[in-house]
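>>> Compute the structure for the input listed below.
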Amino acid sequence: MCGRFSLTATPDEVRETFGLVELEGFPARYNIAPTQPILVVVSSDRREPGSNLPERQAVLVRWGFLPGWVKDPRDFPLLINARSETAIGKASFRAAMRHRRVLVPASGFYEWHRPSKESGEASQAYWIRPRHGRIVAFAGLMEIWSSADGSEVDTGAILTVSANRTIGRIHDRMPVVIKPEDYTRWLDCKSGEPRDVADLMVPAEEDFFEAVPVSNLVNKVANTGPEIQEPVGNSLPPAKAPVGKANGGQLSLF
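Numbering: from 1, shown residues only. This next block holds a predicted model:
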């Protein structure tokens, strides 16, 4: 599950990482929350000069997925995550998995470890960032929703997968990470079927992320400064005993 993330890299760093032709400036964002605009990278119809590869473009979408067939958003849960294991077969995500796969640039994400009530322990927030310190690309889906009056809204969701052992100490789900060498294959929705990218939807390597305990400042959407990423400790919860495949569900805002 991914309910908050951050993008603090500069526009130049994002442009270079994803091979974008152009990218407008944007501020560092330390606490990106559902329903807010998020930056996604898509494959365009134009070709790179002197190459057969399609150009990549950056667009803004609303973080909260709405299938095109939804009549009234008030009657449909706004989904910010899609389970990678079942997205290809779900009516909500099937079309986007085939035609509108995107990359979501991020500097990392936040997750909360919520102990059982019996333990008496308080929840602990973690800032989970790539150890190499560079930009990471989450696998995402995009859908264009049209209202009855003809107006359109671009919406998006982040794909998740069962967490690796490291992140599993905090939560049983994590975002799907797409490696740079797989960007083109993931974005190729013209010749690449969902089954052709199924192998990319796996947990990140055990040492890819590091988890930093942070204060509860991140809990409030109004807190948007770098102080929310300040460490408050250096320990992870104990490793969970293996109990079989992790479970998780779609996260709804309603």
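>>> what's near enough to touch the most centrally placed residue in the chain?
Residue closest to the average C-alpha location in the chain (CA atoms, centre = their mean): Ile158, at 3.7 Å. Residues near Ile158 by CB atoms under 8 Å, 6 or more residues apart in numbering: 2, 5, 63, 80-82, 104, 138-140, 175-176. (Each C-beta comes from the backbone N, C-alpha and C, glycine too.)
>>> The same query, at a cut-off of 10 Å, please.
Counting by CB atoms under 10 Å, 6 or more residues apart in numbering, Ile158 makes contact with 1-3, 5, 38, 40, 63, 65, 79-82, 84, 102, 104, 106, 109, 138-141, 175-176, 251.
>>> CA atoms only for the one helix or strand Gly140 maps to - export them in CSV, please.
Assessed by DSSP states H and E, Gly140 sits inside strand 136-146. What follows is strand 136-146, C-alpha atoms only, in CSV (Å, rounded to 0.1, in the frame of the first residue of the first chain):
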residue,chain,number,x,y,z
VAL,A,136,12.7,5.9,-8.1
ALA,A,137,10.0,5.0,-10.6
PHE,A,138,6.8,3.4,-9.3
ALA,A,139,4.6,1.5,-11.7
GLY,A,140,1.4,3.3,-12.3
LEU,A,141,-1.9,3.3,-14.2
MET,A,142,-3.7,6.3,-15.8
GLU,A,143,-7.3,6.7,-16.8
ILE,A,144,-9.2,9.7,-18.4
TRP,A,145,-12.6,10.2,-16.8
SER,A,146,-15.2,12.2,-18.6
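>>> continuing past it, what's the next helix or strand?
With DSSP H and E, the next secondary element past strand 136-146 is strand 152-162.
>>> For stretch 168-182, list every residue counted as buried.
Neighbour counts over stretch 168-182 (16 or more other CB atoms under 10 Å) mark 168-178, 182 as buried.
>>> Show me the two of these that sit farthest apart.
Arg169 and Asp182 (26.6 Å; CB to CB).
>>> And for the nearest residue to Ala148 once chain neighbours are set aside, the neighbour number?
Nearest residue to Ala148, sequence neighbours excluded (CB to CB, 6 or more residues apart in numbering): Lys71, at 7.8 Å. With neighbours defined by other CB atoms under 10 Å, the count for Lys71 comes to 9.
>>> Helix, strand or coil: sort out Lys71 for me.
With DSSP: H, G, I helix; E, B strand; the rest coil as the basis, Lys71 sits in coil.
>>> Numbering from 7 from now on, please.
Let's use 7 as the start, then, which means that last one is Lys77.
>>> sorry, back to before: and the buried ones among the contacts of Ile164, selectable in ChimeraX?
The ChimeraX selection below is limited to those of the contacts of Ile164 classed as buried (16+ other CB under 10 Å):
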select :7,8,9,11,44,46,69,71,85,86,87,88,90,108,110,112,115,144,145,146,147,181,182,257
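>>> quick one, phi/psi of Ala88?
phi -130, psi 130 (degrees, to the nearest 10).
>>> For it, list the residues it contacts.
So Ala88 contacts 71, 94, 96, 98-99, 102-103, 145-147, 162-166, 182, 256-257 (CB under 10 Å, 6+ apart).
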